[in-house]
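Colleague: sequence plus the predicted model coming up.
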Amino acid sequence: MFHYTIKRLLMLIPVLLGMTLIVFAIIHAIPGNPALTILGTKATPEAIHSLNRSLGLDNPWYVQYFSYLKGILTGNLGTSIQTNSPIASEIWPHLAATIELSFVAMIFAVFVGINAGIISAWKQNSFLDYTAMILALIGVSMPVFWLGLLEQWGFSIKLQWLPSIGRDDIRNSVDPITNLYLIDTLLRGRLDQFWMVLRHLILPAIALATIPTAIIARMTRSSMLEVLKSDYIRTAKAKGQRMIWIVYKYALKNAFIPILTVIGLQTGLLLGGAILTETIFGWPGVGLYIYNAIQYRDYPVIQSGILVIAFIFVMVNFIVDLLYGLFDPRIKYR
Amino acid sequence: MPQGLQVQPEQPVRNVKSPLAIAIGEFWKSYRKNKPAIVGTVIVLFFILLAVFADFIAPQGINDQNIGHKLLPPSAAHWFGTDDFGRDIFSRILFGARLSLRVGFLSVIGSIIVGTLLGTVAGYFGKILDVVISRIFDILLAFPSILLSIAIVAILGPSLNNALVAIAIVNVPVFGRLVRSRVLTVKEEEYVMAARSIGMGDARIIFQHVLPNSVAPIIVQGTLNIATAILDAAGLGFLGMGAQAPLPEWGKMLSDSREYIQTAPWTVLFPGLAIVLVVVGFNLIGDGLRDALDPRMKN
């Protein structure tokens, strides 16, 4: 297990390097001179020249790439053109907001998706099965941003049950410690604020969770159907074990490997979907950060935002890989 | 004696079906029994017809503005109501079908061509080519697809065509990996070794033996990818990174009318419904094709 972990970690290096190279290439492929973008169109040639030199833009590309890489390794993600402050310190509150939203969405997706899939497989070809699978089909076909808009219209504007914008109320804002508001409010012992933060999370988390929920439900159903046909399940039935016990204890454990893979892959979709969900719900996460940067053509922020999200995605899949062994002892790590 | 075995030598043998015709016949027999797939086919054909005949069906042009008629609710004159410029939403959705279907089909065809080429080269020739190409696929797949599309559009500049190119690039590794794994399997088959031993060249082996064996999974994956490509294009349009005004792209229509959701919810409702419906259609076809073409993936 230890050797396998080390080996997988080493295999991550080329992927991570390749990611930085791609992100670096993207910024350099963007037409237009960054110095001109920073200084504006009225800049004098001398000013552009000197800024180019101070930014290191007059060096050959590989020199620039290595200094970029050195920056990343020392925690320097560049400087935002818009705010002129370092991105590494600016990004954390946004990242925390995205992590909180994605985490809650993932819990929702796993809980609802797995249970819907199990019930569908258990009661195959029943009314419940058909309903769940039709909902799952619509779920995978749903544009996240449209669902978000409909949620706002229904639950915020018409019914006025839930807030539609932001992470907290402006007049009752959370005093951040970790920037994970659910944790911060508990740390400060503000249960009223915890409830408020949770209410703000519900609509965006459901919108974000739709597609992963649907995909997990379909995957769970098909992998459960396969497992439920196996001999040991028949034996358990023959022994008179209760079905609910068989399904949740024996079958789910063996059906879990493909489900786990899907959960890992869906994290990428969640993080990508965050940019659309956050834009709609004014959720101040990395997605909204990148979206605003797009509007201002703040390329360093776009670059670092994309890199940070891709990095998290790669790490989640790395962890999922390691988790396989926990759920399936047949998998041997070499 | 069964009738099929009666031989009448004086009549020349006619209607001998080619292997391809037999395969298509088998496929159709299995596909048409799949009700959801037929529903999906009908939905997609319906949208294709709407897109093709939009000029004749649409009651108004896509840019016919009428400020006096702005934000009207659905009525006999305007089936889906009007938007903030007084444009007929029904007409715009019809023309929008053209844009979405075009992005869906063309981007997937592009990904299939490039992905097949790279996947075949990687799988068939192996060695350093395989290492390099596979690593590039790994790296591209490490980015959430919508983010990578955004980055590519940032380079190319926001437009519907550039969104199409971005979506195509992002999906290349999906097909590349698929084809590579098929090629690796087929390469070891005895008939390929036999072909090589009688001196058949690489190109002929690839086109006659290797690629035909990859067609079924490519078609299945391609259909499902049309669905995600349409969703991604709408997402990019919504973010302002895809189609630009005044194009009636569905995602763009949604982002343009989101501020009117309170006063005129139909401006948001119908473009979204159109997206869901056409994407459901492609997903149903994709699932049906998978069941018919690739029995191993069936439940």
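Modeller: Yep, it's here.
Colleague: which ones are touching residue B:163?
Modeller: Residues in contact with residue B:163 (CB atoms under 8 Å, 6 or more residues apart in numbering or on different chains) are B:103, B:149, B:153, B:232-233, B:236-237, B:241-243. Backbone N, C-alpha and C define where each C-beta goes, glycine included.
Colleague: okay, these in TSV with secondary structure next?
Modeller: Listed next are those as TSV, based on DSSP: H, G, I helix; E, B strand; the rest coil:
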residue	secondary structure
B:103	helix
B:149	helix
B:153	helix
B:232	helix
B:233	helix
B:236	helix
B:237	helix
B:241	coil
B:242	coil
B:243	coil
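Colleague: of those residues, which are in range of chain A?
Modeller: For chain A, the contacts drawn from those by CB under 8 Å from any CB of the partner chain are residue B:241.
Colleague: nearest to chain A, of the contacts of residue B:163?
Modeller: When the contacts of residue B:163 are compared for distance to chain A (CB to the nearest CB), residue B:241 wins out at 6.8 Å.
Colleague: give me the spatial nearest neighbour of the closest residue to chain B within the stretch 151-300 of chain A, chain neighbours excluded.
Modeller: At 3.0 Å from chain B, residue A:272 is the closest residue in the stretch 151-300 of chain A, using CB to the nearest CB. Spatially, and ignoring its direct neighbours in sequence, residue A:272 is nearest to residue B:144 (3.0 Å; CB to CB, 6 or more residues apart in numbering or on different chains).
Colleague: surely residue A:285 meets residue A:101?
Modeller: Yes. Using CB atoms under 8 Å, residue A:285 is in contact with residue A:101, at 6.0 Å.
Colleague: quick check: neighbours shared by these two?
Modeller: When contacts are counted by CB under 8 Å, 6+ apart, residue A:285 and residue A:101 are jointly contacted by A:274, A:278.
Colleague: in which helix or strand would I find the residue of the stretch 151-300 of chain A closest to chain B?
Modeller: Assigned by DSSP states H and E, residue A:272 belongs to helix A:252-281.
Colleague: after that helix, which helix or strand is next?
Modeller: Where DSSP H and E defines the elements, the next helix or strand beyond helix A:252-281 is helix A:286-296.
Colleague: got the angle between that following helix and helix A:252-281?
Modeller: Angle of helix A:286-296 versus helix A:252-281, following axes from the mean of the first three to the mean of the last three CA atoms, to 10 degrees, is 40 degrees.
Colleague: with only the CA atoms kept, save helix A:286-296 in CSV.
Modeller: Output of helix A:286-296 as CSV, limited to C-alpha atoms (Å, rounded to 0.1, in the frame of the first residue of the first chain):
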residue,chain,number,x,y,z
VAL,A,286,-13.5,30.2,-7.5
GLY,A,287,-16.1,29.9,-10.3
LEU,A,288,-17.4,33.4,-9.8
TYR,A,289,-13.8,34.6,-9.3
ILE,A,290,-12.9,33.1,-12.7
TYR,A,291,-16.1,34.4,-14.3
ASN,A,292,-15.4,38.0,-13.1
ALA,A,293,-11.8,37.6,-14.3
ILE,A,294,-13.2,36.7,-17.7
GLN,A,295,-15.3,39.8,-17.8
TYR,A,296,-12.2,42.0,-16.9
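Colleague: that one - contacts with which helices or strands?
Modeller: When contacts are defined as 3 or more CB pairs under 8 Å, 6 or more residues apart in numbering or on different chains; DSSP states H and E, helix A:286-296 sits against helix A:87-122, helix A:252-281, helix A:299-327, helix B:145-156.
Colleague: out of those, nearest to residue B:89?
Modeller: Evaluated over the helices and strands packed on helix A:286-296, closeness to residue B:89 peaks at helix A:252-281, with 20.3 Å, by CB to CB.
Colleague: show me what counts as buried in the closest one.
Modeller: Buried positions in helix A:252-281, judged by neighbour count with 16 or more other CB atoms under 10 Å in any protein chain shown: A:252, A:254-257, A:259-281.
Colleague: so which elements touch that helix?
Modeller: helix A:87-122, helix A:144-151, helix A:191-228, helix A:286-296, helix A:299-327, helix B:145-156, helix B:215-238.
Colleague: how about those, which one is nearest residue B:164?
Modeller: helix B:215-238 (7.0 Å).
Colleague: between helix A:252-281 and that closest one, find me the angle.
Modeller: Helix B:215-238 and helix A:252-281 are oriented at 30 degrees to each other (the same axes, to 10 degrees).
Colleague: C-alpha coordinates for helix B:215-238, CSV please?
Modeller: Extracted in CSV, the C-alpha atoms of helix B:215-238 (Å, rounded to 0.1, in the frame of the first residue of the first chain):
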residue,chain,number,x,y,z
VAL,B,215,-16.9,1.9,-35.1
ALA,B,216,-19.6,0.7,-32.7
PRO,B,217,-18.1,2.2,-29.5
ILE,B,218,-17.3,5.4,-31.4
ILE,B,219,-20.9,5.7,-32.5
VAL,B,220,-22.2,5.1,-29.0
GLN,B,221,-19.8,7.5,-27.4
GLY,B,222,-20.3,10.1,-30.2
THR,B,223,-24.1,10.2,-29.7
LEU,B,224,-23.7,10.7,-25.9
ASN,B,225,-21.1,13.3,-26.5
ILE,B,226,-23.4,15.3,-28.8
ALA,B,227,-25.6,15.7,-25.8
THR,B,228,-22.8,17.0,-23.6
ALA,B,229,-21.5,19.2,-26.4
ILE,B,230,-24.9,20.9,-26.7
LEU,B,231,-25.0,21.4,-22.9
ASP,B,232,-21.4,22.8,-22.9
ALA,B,233,-22.1,25.1,-25.8
ALA,B,234,-25.2,26.5,-24.0
GLY,B,235,-23.1,26.9,-20.8
LEU,B,236,-20.4,28.8,-22.7
GLY,B,237,-23.1,30.9,-24.3
PHE,B,238,-24.6,31.6,-20.9
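Colleague: mind giving me the packing neighbours of the next helix-or-strand element following it?
Modeller: Next along the chain after helix B:215-238, taking DSSP H and E as the criterion, comes helix B:250-257. When contacts are defined as 3+ CB pairs under 8 Å, 6+ apart, helix B:250-257 packs onto helix A:144-151, helix B:89-125, helix B:215-238, helix B:266-293.
Colleague: could you dump the ones you listed to CSV with mean neighbour count?
Modeller: Shown next, in CSV, are the helices and strands packed on helix B:250-257 (neighbours: other CB atoms under 10 Å in any protein chain shown):
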stretch, mean neighbour count
helix A:144-151, 24
helix B:89-125, 22
helix B:215-238, 25
helix B:266-293, 23
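Colleague: format these as JSON lines; extra columns: distance to residue A:11 and mean pLDDT.
Modeller: Compiled in JSON lines, the helices and strands packed on helix B:250-257 are given as follows (distance: least, CB to CB, whole Å; pLDDT from 0 to 100):
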{"stretch": "helix A:144-151", "distance to residue A:11": "32", "mean pLDDT": "91"}
{"stretch": "helix B:89-125", "distance to residue A:11": "18", "mean pLDDT": "93"}
{"stretch": "helix B:215-238", "distance to residue A:11": "26", "mean pLDDT": "91"}
{"stretch": "helix B:266-293", "distance to residue A:11": "31", "mean pLDDT": "91"}
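Colleague: and the ones you listed: which comes nearest residue A:200?
Modeller: Each of those has some distance to residue A:200 by CB to CB; the shortest is helix A:144-151, at 12.7 Å.
Colleague: quick one: the closest one to chain centroid distance?
Modeller: Helix A:144-151 sits 18 Å away from the centroid of its parent chain (CA atoms, centre = their mean, to the nearest Å).
Colleague: do that helix and chain B meet at all?
Modeller: Yes. Helix A:144-151 comes into contact with chain B (CB under 8 Å from any CB), by way of A:144-146, A:149-150.
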